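Q: Quick one, fold the following:
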Amino acid sequence: MQVSVRFFTSLREIINKKEESLKFPEGEKVTVDNVLKTLRRLYGERFVEYVYDRKTGEVKGFLQLLVNGKSASSLNGLQTELEDGDVLAILPPVGGG
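A: Residues are numbered from 1 along each chain as shown. Sure, this is the predicted structure:
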């Protein structure tokens, strides 16, 4: 099973990539949380600092996590299950005026 992850703005600079393809064993239940933990292992401290709140260990609330263009928070949050070919986008907050 393969899942793509797209990075934007500061996170793209930290990762030094626009996109990462991750492979998981067939039959394994893959969630948004699993993907983030895999990225945490791959990219280390700078990724952790950007994505996770140091005090709580939770994903920072200002980040938007989109699964195939739909907000993970409107699906099943970090426990949203992913399927082969799904795309997870990690977006920073959008400002405007």
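
Q: quick one: the nearest residue to Ser71 once chain neighbours are set aside from Arg46, how far?
A: Spatial nearest neighbour of Ser71, excluding adjacent residues (C-beta to C-beta, 6 or more residues apart in numbering): Gln64 at 6.5 Å. Every residue, glycine included, has its C-beta placed from N, CA and C. Noted for Gln64: a distance of 20 Å to Arg46, by C-beta to C-beta, to the nearest Å.

Q: do Val32 as well
A: For Val32, the distance to Arg46 - C-beta to C-beta - is 20 Å.

Q: Compare those two (neighbour count), which wins?
A: Higher neighbour count among Val32 and Arg46: Val32, with 26 against 13, using other C-beta atoms under 10 Å.

Q: okay, the more buried one: pLDDT?
A: Looking at Val32, its pLDDT is 98.

Q: With Pro93 instead?
A: 76.

Q: For the protein, which segments count as helices?
A: 9-15, 32-51 (DSSP state H).

Q: among the ones you listed, which gets the worst mean confidence?
A: helix 9-15 (a mean of 91).

Q: Start and end of stretch 62-74, how far apart?
A: 15 Å (C-alpha to C-alpha, to the nearest Å).

Q: what about the strands in this structure?
A: 2-7, 19-23, 64-67, 70-71, 87-91 (DSSP state E).

Q: what's around Leu42, how many residues?
A: Neighbour tally, Leu42, other C-beta under 10 Å: 11.

Q: how close does it get to Phe7?
A: 12 Å.

Q: If you count neighbours, what's buried in stretch 4-17?
A: Within stretch 4-17, the residues that qualify as buried are Val5, Arg6, Phe7, Leu11, Ile14, Ile15, counting by 16 or more other C-beta atoms under 10 Å.

Q: start to end distance for that stretch?
A: Stretch 4-17: ends 12 Å apart by C-alpha to C-alpha.

Q: centre of the chain versus it, how much separation?
A: 10 Å (C-alpha atoms, centre = their mean, to the nearest Å).

Q: Stretch 7-26 too?
A: With C-alpha atoms, centre = their mean, you get 8 Å for stretch 7-26.

Q: cool, and stretch 24-34?
A: 13 Å.

Q: going forward can the numbers begin at 41, since that is how I track them
A: OK, 41 is where the count begins now, so the last one is stretch 64-74.
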